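1. any chance you can model this:
(one chain, ligands or ions: 2)
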Amino acid sequence: MDAPLDRDVERVLLSEEQIRAGLERLAQQLLTDYSSDEPCLVACLRGSLVFTADLIRRMPIRLRVDFLHASSYGNATVSKGTVDLRLLPDPDEVVGRRVILVDDILDSGRTLAAARRTLLDLGASDVKTCVFLEKRVPRSVEARADYKCFEIGDEFVIGYGLDYAGRYRNLPYLAALRRDLVQRAR
Ligand code: 5GP
Ligand code: MG
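-> Ligands and ions are numbered 1, 2, ... in the order given. So this is what the prediction gives:
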């Protein structure tokens, strides 16, 4: 580790090699379940960018890709607990189709619950959720990961698409951010 970005890392949680192995496992499951359909992967921007790009290149079947943009408000705002969905997929891509809703991480579950509801309302025939990470936390919202690469404990992670204050998405591995940087990353 010696690139400038690496210096902000407290410790590596999943190496590039571990991530590759997880992707292979997950892609095999999806190929078993979807090879006779033409599913649409709907990726939640921006966090699932890297995961989606790596996953679809391990799925040599007919499939479509579309996007939605989700942002959730923190506890500090009036609209706490709500999820703002912008940039919805083209209905032509999802109507009557089996959708694989892809996100970087399942935490409280609010993002996936809201996105899943929206995709069903748009006319998807079936919506399954697929995440790179599932956090081991109690959840009040009814949301589950039908497919997941890894489970992690309850800590804030960066890299492999996940950001802190907009940074670190381009780290090729998953990491914990140095504690002294948590407040002053601007
Ligand atoms: P949920 O709606 O499940 O609470 O939150 C999902 C979203 O919160 C994720 O798509 C992600 O953007 C963000 N998030 C939750 N936990 C983490 C984390 O540990 N690190 C980062 N970078 N983002 C997280
Ligand atoms: Mg996100």
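2. low-confidence ranges in the chain?
-> Applying pLDDT under 70 to the chain flags residues 1, 73-81, 183-186.
3. up against ligand 1, what does the chain have?
-> 47, 72, 103-111, 156-158, 162-164 (CB under 6 Å from any ligand atom). Where you see a C-beta, it was placed from the backbone N, CA and C, and this is true even at glycine.
4. ok, now with 5 Å
-> Residues of the chain lying near ligand 1 by CB under 5 Å from any ligand atom: 47, 72, 105, 107-111, 156-157, 162.
5. of these - the most surrounded one?
-> With neighbours taken as other CB atoms under 10 Å, the top of the residues of the chain next to ligand 1 is residue 111, carrying 27 neighbours.
6. A helix includes that one, no?
-> Yes: under DSSP: H, G, I helix; E, B strand; the rest coil, residue 111 falls within a helix.
7. so it sits against residue 45, correct?
-> No: using CB atoms under 8 Å, residue 111 is not in contact with residue 45, being 11.3 Å away.
8. can you list residues touching both of those two?
-> residue 70 (CB atoms under 8 Å, 6 or more residues apart in numbering).
9. how about the strands in the protein?
-> Remark: strands assigned in the chain by DSSP state E are 9-14, 40-45, 64-72, 83-86, 98-106, 126-135, 147-152, 157-158, 174-177.
10. which outside residues touch the first one?
-> What that stands for is strand 9-14. Residues contacting strand 9-14 (CB under 8 Å, 6+ apart): 1, 22, 150, 152, 157-160, 171, 173-179.
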